[in-house]
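Peer 1: next input, structure requested:
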Amino acid sequence: MHKGFIERFSKGKSMALFMAITMAASNLSAAANGITAYAAEDEVILLTDESEEEEVILETEDADEAGVLAQEDAAVGAFAAEGEGVIADQGDDGYANFMEDTIIADIRFGADRNVSSKNVYDKDNGYGFSDVDYSEAAKGWVNNVYYPRVPAVTAGASNVKDFSDYVAIDSKIWTETESSGYGVYTYETTSTFDVDLYNADYQVEVTFTNPTSSSYTAALEAEDISKKWDIYVAAGANVTESFEANLVDGQLNLKFLGTSSATKMSDAGTTTVYVSEVKITRLATETTGDKPTVFVASDSTVQTYDEYYYPQTGWGQVLSNYFGELVEER
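Peer 2: Now for the predicted structure:
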């Protein structure tokens, strides 16, 4: 992780009757210093000249394409000086200073750009590729508990190939169903791209490209959670997809995947996707509300039942009755 990171953990309090309640009053924030704006305003309004008592308006011509690209390059340069990588300086306090959405990383993949397969994950830099390998067999059922495959994760980019302005990322994907027939597990041997960040809410934009003559379908995961799937990338096309991710462990793990219908490892073929850019935006800190929100996570016993089922109710359905008149049940 970056130096100066402060890990903070909020501990929930359990209530009686085995009710698992997680209280989340999100006050996630961080600091970004020296981030250069991506585009200038087309019109600049100057203050009134009091001596002449008239307003002066200065109109500027639209910046040409070269000028815009130069500004973007300057913005990326602001993310890090020589040897500092591609992640913005987020300051020493990740919780107090993000008052607006701020781009904190613009990762441009390729041999001629700022990140390639040579950038394997390194704690000092705070970003890079890691290899994820699921080839070791599952332990299976032990004392009535099923143990699935566990990945071997190492710093590396064995599934990444460099091209001038993009990288090709290979993956082998398959599912396995345990012997009872109820548990279906998906495994993905690939290379992830990992970024050390403050625990907060982020928007991630991923740009796929397709230098081949055939279309392909891609998928995106963050923190091993499927975020986007059935992403169609036509031959010669560029496709940008975005999603939000909530970070709780100090590291954002991104998977760029193909698709597969294999049901065992031996049948899993290699799929390839092509990625040119990842842009990460730290979302503004949510302001504290007038009252806290209680999120209830449980099974079907917590649900809200229709009137038809009365007097049957879920315990979460009636929980608000115990918090006073100013509580709203949603």
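
Peer 1: which ones are touching E244?
Peer 2: E244 makes contact with D201, Y202, Q203, V204, L283, according to Cβ atoms under 8 Å, 6 or more residues apart in numbering. All C-beta atoms are positioned from the backbone trio N, CA, C, and that covers glycine.

Peer 1: look up phi and psi at the third one.
Peer 2: Main-chain dihedrals, Q203, degrees, to the nearest 10: phi -110, psi 130.

Peer 1: the closest residue to it other than its chain neighbours - how many residues pack around it?
Peer 2: Nearest residue to Q203, sequence neighbours excluded (Cβ to Cβ, 6 or more residues apart in numbering): T281, at 4.4 Å. Residues lying near T281 (other Cβ atoms under 10 Å) number 18.

Peer 1: lowest-pLDDT helix or strand in the chain?
Peer 2: Lowest by mean pLDDT, DSSP states H and E among the helices and strands of the chain is strand 43-45, with a mean of 32.

Peer 1: what helix or strand is the residue nearest the centre of the chain located in?
Peer 2: Most central in the chain under Cα atoms, centre = their mean is A245, positioned 4.1 Å from the mean C-alpha point. Assigned by DSSP states H and E, A245 falls within strand 238-246.

Peer 1: sorry, back to before: who's in contact with the closest residue to the residue nearest to the centre of the chain other than its chain neighbours?
Peer 2: Excluding the flanking residues, the one nearest A245 by Cβ to Cβ, 6+ apart is A222, at 4.3 Å. Shown in contact with A222 (Cβ under 8 Å, 6+ apart): V204, F243, A245, L252, N253, L254, K255.

Peer 1: which ones are touching the third one?
Peer 2: By Cβ under 8 Å, 6+ apart, A245 lies in contact with D201, Y202, Q203, V204, A222, E223, I225, K227, L252.

Peer 1: cool, and the first one?
Peer 2: V204 sits next to A222, K227, S242, F243, E244, A245, L252, L254, V278, K279, I280, T281 when contact means Cβ under 8 Å, 6+ apart.

Peer 1: if we use 6 Å, what do you get?
Peer 2: Listed by Cβ atoms under 6 Å, 6 or more residues apart in numbering, the contact set of V204 reads F243, A245, I280.

Peer 1: as TSV, the residues you listed with pLDDT and distance to D306 would be great.
Peer 2: What follows is the contacts of V204, written out as TSV (pLDDT from 0 to 100; distance: Cβ to Cβ, whole Å):
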residue	pLDDT	distance to D306
F243	97	33
A245	95	34
I280	96	42
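
Peer 1: from those residues, which single one is nearest E100?
Peer 2: Nearest to E100 among those is I280, at 15.2 Å by Cβ to Cβ.

Peer 1: give me the secondary structure label for the closest one.
Peer 2: strand (DSSP: H, G, I helix; E, B strand; the rest coil).

Peer 1: in terms of helices and strands, where is the residue nearest to it when sequence neighbours are not counted?
Peer 2: Once flanking residues are discounted, I280 sits nearest to A105: 4.1 Å by Cβ to Cβ, 6+ apart. In this assignment (DSSP H and E), A105 forms part of strand 102-108.

Peer 1: what's the angle from the next helix or strand along the chain from that strand to strand 102-108?
Peer 2: Next along the chain after strand 102-108, taking DSSP H and E as the criterion, comes strand 127-133. Strand 127-133 and strand 102-108 meet at an angle of 60 degrees, taking axes from the mean of the first three to the mean of the last three Cα atoms, to 10 degrees as the criterion.
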